[in-house]
Each structure stands twice: as C-alpha cells, then as structure tokens.
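>>> give me a 3D structure for the following:
(one chain, ligands or ions: 1)
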Amino acid sequence: MISEHNQIESTTKLVPHRALTEFYPAPAQRAGFVSDLFDRAARDYDRMSGVIAFGTDRQYRRSALQRAGLSPVMRALDVATGTGLVAQAALDLGIAPANLIGIDPSLGMLAENRRRRSIELVQGLGERLPFQDSAFDFVVMGYALRHVEDLAKLFAEFHRVLRSPGRVLLLEITRPSSRVGLALMRFYLGKFLPLLTRLGTRRHDSARLLEYYWATIEECVPPAAILSSFAAAGFSAVQRKSSANILSEYVAVKK
Ligand SMILES: C[S@@+](CC[C@H](N)C(=O)[O-])C[C@H]1O[C@@H](n2cnc3c(N)ncnc32)[C@H](O)[C@@H]1O
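Here you go, the predicted model:
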C-alpha cells in the first residue's frame, strides 16, 4: 500500500497503485497517459468489456445497481462514465435521463457515450467533481478507482455531493488472492486478451489499454485499504461484497 499523510489538507492520501513507469515516465504524466489511452481505445471499449466478462458485463452492472439500492426516484451521478455502460444499466432500471449525469476525463469515451444515449455528460475528474454539495442521492463508479490520483480525495468528493441519506456503489476487479487465480488472471487479462485484441483489431492502443488495465489491477491497494478510506471520508455501513473474491462491489452510506 502506498499512503502518506498530507498535513495541509489533514487527510490521509491514498494512492491506488505505485507509479507504473513501464507505461509512463513519472507520476505527473499518469493522468494524461490514462486519458489519452482511453481516448484512443474508446471505439473498442464496449466490445473489450464484453469479452473480459464473457458477455455478462451489462447484466452484472444492472444487478449490482439493484443490489446497492438504486431506485427510479433517485438523482444519480455516474463517475467515470466512459462509454456509458453503467449509465445504460441505470437507465434500464428506470432512472429518468434527466436524473442522471455522467462525468469522465476522456473526450473519446464521452463521444462514444453521447452517440448512444442522451444524458448530461461532463468532462472532469472524480477527485474534483464540478457539482454542488448534496446534489445526488446515489453515486456510482465502475472500474475506475485505479485511475484516480488519491482515494481520500475521491471519497471526500463522493461524500460532499451526496445528500443525507445517500449511497455510493463502487465496482472493481480485485487481484485474486490465490497463486493459481493470480497466474490465470495475469495470463488471461495481461497476455491473452491483449494479443487477441492486437490480432483482431490491429489497434495497438486497445491492446495497450488491456495491458495497463491488468497492471493496475495487479498493483492496486487491497480491499481493506479501500474500506478504511471510505470510513475515513465519513461513510457508514461500508461493505464489500464479492464474487469469487474478484468482482468487488463496495457500498457505503452517507447518513
Ligand atoms: C474502465 S473505464 C470504465 C467505464 C465505465 N464506468 C464502465 O463501467 O464501463 C474507466 C474510465 O475511467 C475514466 N477515468 C480515468 N481517470 C479518471 C478520474 N480521475 N476520474 C474519473 N474518471 C476517470 C476513464 O477515462 C475511463 O472512461
């Protein structure tokens, strides 16, 4: 775990993973590298998401939102909306388009999102949400925790923009704890799928995104650190449910 005390803001900074210098030269270049990578791979993203999850990705997002208590009367924010797979799941569950906003730093991902549905989409970062306090009943973030600069800032922002009572759902892929599971996932996500993507699409950027995706999963801070960072941001009833200890659903409540 990489963590450090930030005395100016008197919060405990929690960086989700070490600097991955095999992909970008130094931490200052990380956010630009990530945005650029998603911009370039945006057109292949939905297909890759389906392949990674053996076609279960859309149904899984819907079920996770239901389990977390999303209801059609809520006003919801989809942080890291990307091409909109989580946003679409929320719409499928009856959230009105006017009650759903998506935010993401990648213009390429936002453009794909905009082509498919009409909800309000904003360019921006989870760590600096351009919304007023207490603006939402429900905040969701799918598979993007590993891309933020600081989990403490992210969760403080989630807490600020939520009303009381309000809820957060965070979806993540967690590094397997067994050696066999880790070896299998390293091969599947880190080697096999990038190769398949390189051969199938001839697009180096989409394959590179998958390699980066796996590197961030392998290096990500453990679930216990994520749970305690939620609690430190003021959330209650913080829980993690998981399938096969790999697909993680973190739910936290602002009372
Ligand atoms: C793996 S995609 C997930 C997209 C969507 N949530 C889903 O479930 O398919 C990760 C997204 O996180 C976005 N992202 C990267 N850094 C971010 C940040 N600091 N704050 C919010 N989103 C970020 C990327 O641009 C990308 O669209």
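
>>> name the helices or strands packed onto the helix or strand hosting Phe38?
Per DSSP states H and E: Phe38 is located in helix 30-52. Secondary-structure packing of helix 30-52 (3 or more Cβ pairs under 8 Å, 6 or more residues apart in numbering; DSSP states H and E): helix 57-67, helix 107-116, helix 193-201, helix 204-219. (Each C-beta comes from the backbone N, C-alpha and C, glycine too.)

>>> and with 7 Å instead?
Helices and strands touching helix 30-52, by 3 or more Cβ pairs under 7 Å, 6 or more residues apart in numbering; DSSP states H and E, are helix 107-116, helix 193-201, helix 204-219.

>>> average pLDDT for the first one?
What that stands for is helix 107-116. Average pLDDT, helix 107-116: 98.

>>> again, but for the longest one
Rounded to a whole number, the mean pLDDT of helix 204-219 is 94.

>>> okay, buried residues for that helix please.
Neighbour-count burial for helix 204-219 flags 205-218 (criterion: 16 or more other Cβ atoms under 10 Å).

>>> unless I'm mixing things up, Pro27 is touching Ala19, no?
Yes - when contacts are counted by Cβ atoms under 7 Å, Pro27 is listed as touching Ala19 (4.7 Å).

>>> between these two, tell me which one has more neighbours.
Ala19 (16 against 13; other Cβ atoms under 10 Å).

>>> how about that one, secondary structure?
Assigned with DSSP: H, G, I helix; E, B strand; the rest coil, Ala19 falls in the coil class.

>>> next one: it from Lys254, what distance?
32 Å (Cβ to Cβ, to the nearest Å).

>>> what do you get for Lys153?
16 Å.

>>> how about the residue positioned nearest the centre of the chain: what's its closest non-neighbour residue?
By Cα atoms, centre = their mean, the chain has its centre lying nearest to Ala144, at 2.2 Å. Nearest residue to Ala144, sequence neighbours excluded (Cβ to Cβ, 6 or more residues apart in numbering): Ala80, at 3.2 Å.
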